[in-house]
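Participant: coords please:
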Amino acid sequence: MHPDIPLRDPGRTLLVVSERPDLVAALSAALPSTAVTLIAAGAHEVEDHLKPERWPFMLVSDQGGELSTASQMVLRLRPVLLYWRGTPPAGLPGHARGFPRFQDLLRAIREALDNRSSGMMLAPTHGVELPSGAWVGSPPLQALVAAHPLPFNLPRTAFGGVSATLSRHQVPWRLRTAEGWVRLVPLDEEQSR
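Facilitator: Numbers count the residues shown, from 1 in each chain. Purely as a prediction, here's the structure:
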């Protein structure tokens, strides 16, 4: 098995947490199924979808209510993009983003799926395509590329293997950690610090 490919990779999933079917339907109609698989869940089901074998790429919600404490704890340890229609609930990591209108939310999701960082981009169904054309299935790198230039408010340990993958593939980017925030930076910017 290739060292960059995680076991039982489910592909890129977008977990939609809503008690109303219209958010799932609107996202399903607006997003290409080749880029992301939508999974609908109620707030009480989120914890079931935050297992290592089901690790979502992104969690999108229109719920104003709180997620369970267990779900919040997991989301503070894993690089999952957190996008809310409205204000994100208390207890989520600082990188959770709120959007006042559905169109703003949809634009942000599309931008994340189409984002490029110095030749790195999300591969069609999961993983990251590197500038050399190589593919890696690293969920943490996938999240970093999609979020760039925005950081994650997570411990650096949430991005295990990313630095080694970048180095092994000679990609001139590294992780920068500052005051609880982690993001990708060009190697020359990191070396000038």
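Participant: Return the mean pLDDT over the longest helix belonging to the chain, rounded to an integer.
Facilitator: Taking DSSP state H as the criterion, the chain has its longest helix at helix 102-114. Here helix 102-114 scores 97 as its mean pLDDT.
Participant: do stretch 13-23 as well
Facilitator: 90.
Participant: Only the buried residues of the longest helix of the chain, if you could.
Facilitator: By 16 or more other Cβ atoms under 10 Å, the buried positions in helix 102-114 come out as 105, 106, 108, 109, 112, 113. Placement of C-beta: from N, CA and C, glycine included.
Participant: Let me see the ranges of the strands in the chain.
Facilitator: 13-17, 37-41, 58-61, 81-85, 97-99, 116-117, 120-122, 128-129, 135-136, 173-178, 181-186 (DSSP state E).
Participant: export the longest helix of the chain as PDB, just CAs?
Facilitator: The C-alpha trace of helix 102-114 is given here as PDB (Å, rounded to 0.1, in the frame of the first residue of the first chain):
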ATOM      1  CA  PHE A 102     -27.000  30.600   1.300                       C
ATOM      2  CA  GLN A 103     -25.300  32.000  -1.800                       C
ATOM      3  CA  ASP A 104     -22.400  33.100   0.400                       C
ATOM      4  CA  LEU A 105     -22.100  29.600   1.900                       C
ATOM      5  CA  LEU A 106     -22.300  28.000  -1.600                       C
ATOM      6  CA  ARG A 107     -19.600  30.300  -3.000                       C
ATOM      7  CA  ALA A 108     -17.300  29.400  -0.100                       C
ATOM      8  CA  ILE A 109     -17.800  25.700  -0.600                       C
ATOM      9  CA  ARG A 110     -17.100  26.000  -4.300                       C
ATOM     10  CA  GLU A 111     -14.000  28.000  -3.600                       C
ATOM     11  CA  ALA A 112     -12.700  25.400  -1.200                       C
ATOM     12  CA  LEU A 113     -13.300  22.600  -3.700                       C
ATOM     13  CA  ASP A 114     -11.600  24.600  -6.500                       C
END
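Participant: Which strands and helices lie in contact with it?
Facilitator: Judged by 3 or more Cβ pairs under 8 Å, 6 or more residues apart in numbering; DSSP states H and E, the packing partners of helix 102-114 are helix 21-30, strand 58-61, strand 81-85, strand 97-99, strand 120-122, helix 139-147.
Participant: Kindly reformat those as a markdown table containing mean neighbour count and distance to residue 73.
Facilitator: Listed next are these as a markdown table, based on neighbours: other Cβ atoms under 10 Å; distance: least, Cβ to Cβ, whole Å:
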| stretch | mean neighbour count | distance to residue 73 |
| --- | --- | --- |
| helix 21-30 | 14 | 25 |
| strand 58-61 | 24 | 14 |
| strand 81-85 | 21 | 14 |
| strand 97-99 | 17 | 20 |
| strand 120-122 | 21 | 27 |
| helix 139-147 | 24 | 18 |
